[in-house]
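**Q** predicted model and sequence below, questions to follow.
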Amino acid sequence: MADSLKVRLARLRKLGMAKASELGGGDGSGRPGDPGPPGPRATSTRGGAIVRRGRPSFLGAWESAGEMAWKRTLSLPDCLPESVDPNVFAPLRSLRRGAGRGEDTGGGILAERVAAARLRFFDLETTGLSGGTGTIAFLAAVGRLVNGEFAITQVFLEDYPGEPNFLSAVLPLLEGGALVSYNGRSFDMPLLRTRCIMNGIAPPLPELHIDALFASRRLWRRVHGGASLGLLEREVLGSERPEDLPGAMIPEAWLSFAREGDSPLMRLVLSHNADDVFGLARLLAKAQAAFDHPRAHLAQSDVDRAGLGRSLLAVGREGEGEALLEAAAGDGDEAAGLLLAMRFRKSGRADDGARVATMLPSTYRSAIERARIFERLFGDLAEAARWVAEAQRLARSEAESDTARARLERLDRIVSRRARGGARPA
Amino acid sequence: MARSPANSFIDDLLSDPLVRPCVAHVERIPPLEAVWAPLPPDLHPDLAAALAARGVDRLYSHQARAYELARSGRDFVVVTPTASGKTLCYNLPVVQTLLEEPSARALYLFPTKALSQDQQAELNEVAMGGKLPLRVYTFDGDTPDSLRVAARDTGRIVISNPDMLHTGILPNHARWIHFFSNLRYVVVDEIHSYRGVFGSHVANVLRRLLRIAAFYGARPRFILCSATIGNPGELARFLVGRQVDEIAENGAPRGERVVVFYNPPLVDPVQGIRKSTATESESLAVRLLKAGVKTILFARSRLKVELIASYIAESLANPYKGDGAIKVSPYRSGLLPSERRAIERGLREGSIRGVVSTNALELGIDIGGLDAAVVAGFPGAFASFWQQAGRAGRRGSISLAMLVASSSPLDQYIIAHPEYFFERSPEEARVDPDNPYIFVDHLKCALFELPFAEGAAFGEGNEDATEEGLSLLEEEGIVRRTGGRWYWSDQAYPSANVSLRSATADNVVIVDETGGGSGVIGEMDRPSAKELLFDNAVYIHLGRQYIVRKLDIENRVCRVVEKEVDYWTDSVVKTDIAVLTEDERSYLGERLAECVLGDVLVRSQVEKFKKLRFHSHENVGYGEISLPPEEMQTRAIVILFSAGTKAGDALASSGSEALKSAALAGAGRLLHNIAPAFLMCDPRDIGRSERVRDPHFGCGAIYFFDRYPGGTGLAEGLSRLLAPSVSAASERLRSCPCGGGCPSCIGVDLAGPGNADGRGVKQRVLDLLGAMGSGG
């Protein structure tokens, strides 16, 4: 049985019909955007033995980190804040659950600030976007404060057999502090964990992992239309990289390097990786500054004040949070206004509620909220009814219309009950 | 014992003067008593309590044996007809072990999602009934992210399907480290559905699973369940790669079953035209439904399911009789998952009293309380018929299964030979371990999951094939060999492009644009879409009619608008064949004919379609289709009417070119339709093409090719079973009452200009088949 399979496979190879699943059912009509069926590539494998023609050109100043692994350290100016508050960087939903940390390592209330010296900024370059076991990390950069400078150590994997050495060089760099990454909770860390398991090495157990993606989104996505590291580096930090390559080209750059022995693009990949970590550190500093001095942003729109406000509320900094949200509401942010209005309404803060209500725009949703404020905070049912009627006028759907009508009817009932009995219902 | 309405109705039905003449055969299968065994003495007290809470205080014999085998560490397959308590065969030993070993895990695999969701409900019952501390999770495409994490980390039993295992679980196995390290059992249910190409895929997925389990140091045991087929042990061994024990005796009770063969009456004996199977099945089902009998009707194709369901709905919608309250639902693949589940629920709850289905329901979803199964046309395999018939019947009560014959030669043969039907052993599930495309596809996936050491084998004994396959992939540039190992060297995710179920992974999505909308109402694989969803085709979905506005193959979208018309459409497919290799040449009998087995390149093109009026199926027009052809490489067997063979001589003396052509076409058609009686396949799994003077071989030829790329063992199987197929075909034709050809033998399109004598064609075909068989 196995024999005939080998024979059939050999025949397929000879006939040049190497495209396994593409051949089955092909119909000559490709899909637009298809790269087309892969032709047989130039056979430049080096067979079973590891053939190395000396050190690749782009690794000129690197030192060996074991067979097939290399490393170097770059020194850059210190760009870090004095300390970082992990709580403001946590995803909001985990804060609401009461776990105040960036990593779910046991919950509890708010975590303490982390000194700059204990921060470990890291980023990986990989051979693909899936976190599956066939994707590997071939380049890692870890940045931290050393002797007053921001030192970025990079480790490079030359080829697959060197992976154990690569990992042995990377893992110690991540120890002794709190990790900082960009989307690392969903991608980089799980991938690193997988690579450790695949090589029989104990995976890292960071005490804390701050993923700057969540807070960056809250602070800047609405302002700049996106929150990718590259975009924010340009728009928020104001820096351009003179030569950079698109992230999509990175996996293939290494794969063809590993196949061919050299690649003109690898140089760019190495600096891209270091730049990413440097950018991450500076972005974190910017974000921390916004969280530490939020009132500086009251009159400006360089950050999303509603996002900043919500973050502050989530960690219990109520005064500041409300101030930011109110600034946003004042400039027309309806969601911010509604959030505040609800907050004030539920805690009985009449003056605050009245003030914010005037900032709300002319929409169904806001009209309903204003009605509720008048009813709840001021007991002014007539005014409440007037606002519900306004809501009805602004309704855009059957459902909204029906809800408004129901509210009106309810108000009417209360009014007539009071008129009859004088006493308010319990 | 209460008699269900089906019973008295069976007698009424059989004595009805309109029905009686069409009844070709009645078989009464007596009821079976249960064979009992005591509960195992070592049962964990919580488990015993959970069973007691469900009223279970003893086991069927096969359940007890399964427990025994599992607990002694054996791999085994349990062969069970439907509704015989097979779930306990695996649940009992698995739950027992999980209670004894706090970190042990189990994986349950079902062929489809719907089944596994049923199973989740059943398992929850057992787990909660005894308040057992076992977390059970379903892990499939619908599972939300939060539950996925829980399933991986804390799931003691994970229920999934081969597709999810293939694309979701195995390529991410590092996240499942705790699960795989402690995996003790793998339960694979309904293995009879893992035959042919699907079976080859699943066998390879299980190979990858075992490879990964070994990586984490686990050696799980298999518990497999199969319906009644001829070779459950062989199929099991093929799937899991090692010997397994078999439990073939079944201890469950079964009510009396009445099987009725019904042959629709001839309306034109000379032309051989019978009343349509669809209309006859419909009227039988309607009678049953009106008498309060919960009925399921099985039809052969998606199209027929929709047609029949709409016929029935029409019949029942008479406002004066108030039967409109009887709800009948069509059920087929191509419906969205939510639609299918709503129907299953309706049947369980009783709001739907009848179902029209393709064999999708043949798989063991336990839909309770059906009393009758009407099978419209032989489903291509006896095992399938019994599965479908087995849908009907509640414990202790009598049930009815009716086979309504179609006019196809195979059906007519079966109707005339009930002894063949009831006495034959069930067919064997055909498996092909050697399809090179499937092997290489899964080799890619396996490599993505774990590198291969040089000289390693993917599958026992496959060192050479593995080396060959990896070298082939290396030439494609997606694999590299270095440092004594092979590595995945590409950014893609290979399992995303390998579909376990169809030749190509890309389906065409069907979008309803009525009134300017754009809702997705279904999907279909690309090759079928070319044959069923061409521009201006009539598409029926859940009883509503649509016309195809545009089939955009490039973008995999088909746009339809709702429109009522009084016809449906059927495409005409043209086939070209190029011979690639000749692997084996042999003679049929004593130089009766020659046979060649080899690889061919098949090009199929749909060029036009017929419009057929509903109910009468008369041809009311034609239309043009312009779509690019489908090409594929596959295995074929060619029957050659070469000079010096008896068949060759018979063909040479057949008369004019037109007569020769008609004779070959008739013989080919008949063989094509009869052969599935011997192979376990559907006639639609085989393609056919005839040539009076074949350009490659230089003589008369009939090609039979496998319709799945790379072949699935059908061509090889047919070459072994050619002799009995030829004699069955001869017999069918000899005993056919028609004048000069009919749908039940050589077809009706053969008489034409140049050979206006249909009788002549029929005789020529008889001569050809006779020459190919042992007779003169």
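**A** Yes, it's here. Residues are numbered from 1 along each chain as shown, chains lettered A, B, ... in the order given.

**Q** which one of the residues in the stretch 301-426 of chain A is closest to chain B?
**A** Closest approach between the stretch 301-426 of chain A and chain B, counting by Cβ to the nearest Cβ: A:Ser397, at 18.0 Å. Yep, even glycine has a C-beta here, placed from its N, CA and C like the rest.

**Q** what about that residue, neighbour count?
**A** By other Cβ atoms under 10 Å in any protein chain shown, 9 other residues sit near A:Ser397.

**Q** do you know the pLDDT at it?
**A** pLDDT for A:Ser397: 90.

**Q** ok, the one 3 residues further on next?
**A** On the pLDDT scale, A:Glu400 is placed at 91.

**Q** output the below-cut-off pLDDT ranges for the stretch 301-426 of chain A.
**A** For the stretch 301-426 of chain A, residues meeting the criterion pLDDT under 70 lie at A:422-426.

**Q** now the strands for it?
**A** Remark: no strands are assigned in the stretch 301-426 of chain A by DSSP state E, counting those that start in this stretch.

**Q** and the residue lying closest to B:Ile352 once chain neighbours are set aside, how many neighbours?
**A** Nearest non-adjacent residue to B:Ile352, counting by Cβ to Cβ, 6 or more residues apart in numbering or on different chains: B:Gly346, 3.5 Å away. B:Gly346 is flanked by 16 other residues according to other Cβ under 10 Å.

**Q** who's in contact with B:Gly346?
**A** By Cβ atoms under 8 Å, 6 or more residues apart in numbering or on different chains, B:Gly346 lies in contact with B:327, B:329, B:352.

**Q** where's the nearest residue to the first one once chain neighbours are set aside relative to B:Ile702, distance?
**A** Leaving aside its sequence neighbours, B:Lys327 sits nearest to B:Ile352 (Cβ to Cβ, 6+ apart; 4.8 Å). In this structure, B:Ile352 lies at 46 Å from B:Ile702, with Cβ to Cβ, to the nearest Å as the measure.

**Q** the more surrounded of these two?
**A** Using other Cβ under 10 Å as the criterion, B:Ile352 and B:Ile702 rank with B:Ile702 on top: 25 against 20.

**Q** what sits against residue 73?
**A** Picking chain A for this. Here A:Thr73 is in contact with A:151-154 (Cβ under 8 Å, 6+ apart).

**Q** meant chain B actually
**A** B:Arg221.

**Q** work out for me the element the residue nearest to B:Ile352 sits within.
**A** Take DSSP states H and E as the rule and B:Gly346 turns out to sit in helix B:337-349.

**Q** I'd like the average pLDDT over that helix.
**A** 68.

**Q** and after that helix, which helix or strand comes next?
**A** strand B:354-357.

**Q** run a quick neighbour tally on residue 212.
**A** No chain in the question, so chain A it is. A:Ala212, neighbours per other Cβ under 10 Å, totals 26.

**Q** chain B is the one I meant
**A** 22.

**Q** got the contact list for the nearest residue to it once chain neighbours are set aside?
**A** In space, and not counting its chain neighbours, B:Ile212 is closest to B:His173: 4.9 Å by Cβ to Cβ, 6+ apart. Going by Cβ under 8 Å, 6+ apart, B:His173 touches A:133, B:180, B:212, B:215, B:449.

**Q** where exactly do the helices run in the stretch 51-200 of chain B?
**A** Secondary structure of the stretch 51-200 of chain B (DSSP state H, counting those that start in this stretch): helices at B:61-71, B:86-100, B:113-129, B:145-154, B:162-164, B:177-181, B:196-215.

**Q** how far does the helix or strand following the longest one sit from its chain's centre?
**A** Following the chain from helix B:196-215 toward its C-terminal end, the next helix or strand by DSSP H and E is strand B:221-226. Relative to the chain's own centre, strand B:221-226 is displaced by 20 Å; criterion: Cα atoms, centre = their mean, to the nearest Å.

**Q** may I ask you to name the longest helix in chain A?
**A** helix A:266-292 (DSSP state H).

**Q** return the set of buried residues in it.
**A** The neighbour-count check on helix A:266-292 (16 or more other Cβ atoms under 10 Å in any protein chain shown) flags A:266-288, A:290-291 as buried.

**Q** now stretch B:226-243
**A** In stretch B:226-243, counting by 16+ other Cβ under 10 Å, buried: B:226-229, B:231-241.

**Q** that stretch: end-to-end distance?
**A** 16 Å (Cα to Cα, to the nearest Å).

**Q** what's next to that stretch, contact-wise?
**A** By Cβ under 8 Å, 6+ apart, stretch B:226-243 touches B:75, B:77-82, B:188, B:190-192, B:194-195, B:199, B:202-203, B:206-207, B:210, B:222, B:224, B:244, B:246, B:248, B:364, B:383, B:386-387, B:425-429, B:431, B:433, B:459-460, B:680.

**Q** do you know how far the closest residue to B:Leu714 other than its chain neighbours is from B:Glu630?
**A** Once flanking residues are discounted, B:Leu714 sits nearest to B:Asp706: 4.4 Å by Cβ to Cβ, 6+ apart. Distance, B:Asp706 to B:Glu630, by Cβ to Cβ: 14 Å.

**Q** so these two - more neighbours on which side?
**A** Remark: of B:Asp706 and B:Glu630, B:Asp706 carries more neighbours, 29 against 23, as counted by other Cβ under 10 Å.

**Q** the more buried one: what's it in contact with?
**A** B:634-636, B:685-687, B:712-715.

**Q** make a markdown table out of the contacts of A:Thr73 and add distance to B:Ala151.
**A** As requested, the contacts of A:Thr73 are exported to a markdown table (distance: Cβ to Cβ, whole Å):
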| residue | distance to B:Ala151 |
| --- | --- |
| A:Ala151 | 42 |
| A:Ile152 | 39 |
| A:Thr153 | 38 |
| A:Gln154 | 37 |
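
**Q** chain B: which of those is nearest?
**A** Closest to chain B, out of all of the contacts of A:Thr73 and judged by Cβ to the nearest Cβ, is A:Gln154, at 21.2 Å.

**Q** quick check: phi and psi at that closest one.
**A** phi -110, psi 140 (degrees, to the nearest 10).

**Q** without its sequence neighbours, what residue ends up closest to it?
**A** Leaving aside its sequence neighbours, A:Gln154 sits nearest to A:Ala141 (Cβ to Cβ, 6+ apart; 4.7 Å).
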